[in-house]
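[1] test case, fold it:
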Amino acid sequence: MGTLMKSQTAKVPDRRVENILLLLSGGLDSTTAAYMVHEMYPDALLYAMSFSYEQRHHIGITQARRIGKRLEVKEHVRITIADTKV
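    Numbering: from 1, shown residues only. This is a model prediction of the structure:
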């Protein structure tokens, strides 16, 4: 992805951020947010977390893993949430 235009970039606080946890679903919103954070804090170590609801199609989780690799996240954790129907 290209650089964001200055008018679109949120103001970055003047403090150093060392670690950032990204919540990645593999969808457009979390991908956009992840790339914005990466651009705002290029020196921070990125970690990612994704949630699996035991769907048949794991397209979102697969995409989240790909995005994490592109952003060079240190660790990507997948949390499985079991179906809790009573």
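
[2] what about residue 39, how many neighbours?
    Residues near residue 39, counting by other CB atoms under 10 Å, number 14. Bear in mind the C-beta positions are built from the backbone N, C-alpha and C, glycine included.

[3] and it, which helix or strand is it part of?
    For residue 39, the enclosing helix or strand under DSSP states H and E is helix 28-40.

[4] now for that helix, which elements pack on it?
    For helix 28-40, the elements it packs on are strand 19-23, strand 45-52, helix 59-70, judged by 3 or more CB pairs under 8 Å, 6 or more residues apart in numbering; DSSP states H and E.

[5] where in this structure is pLDDT low?
    The chain contains residues with pLDDT under 70 at 1-14, 55-57, 83-86.

[6] if we go to 90?
    Along the chain, segments meeting pLDDT under 90 span 1-17, 52-59, 80-86.

[7] tell me what residue 52 is bridged to.
    With DSSP bridges as the criterion, residue 52 is bridged to residue 80.

[8] possible to save the helices and strands packed on helix 28-40 as TSV with distance to residue 32?
    Listed next are the helices and strands packed on helix 28-40 as TSV, based on distance: least, CB to CB, whole Å:
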stretch	distance to residue 32
strand 19-23	11
strand 45-52	15
helix 59-70	10
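
[9] which one of these lies nearest to residue 78?
    Distance to residue 78, taken as CB to CB, is lowest for strand 45-52 among the helices and strands packed on helix 28-40, at 5.0 Å.

[10] quick one, the closest one and helix 28-40 angle?
    Using axes from the mean of the first three to the mean of the last three CA atoms, to 10 degrees, the direction of strand 45-52 lies 170 degrees away from that of helix 28-40.

[11] list the contacts of strand 45-52.
    Where contact means CB atoms under 8 Å, 6 or more residues apart in numbering, the residues beyond strand 45-52 that reach it are 18-26, 34, 37-38, 58, 60-61, 64-65, 67-68, 71-81.

[12] nice, that's everything, thank you.
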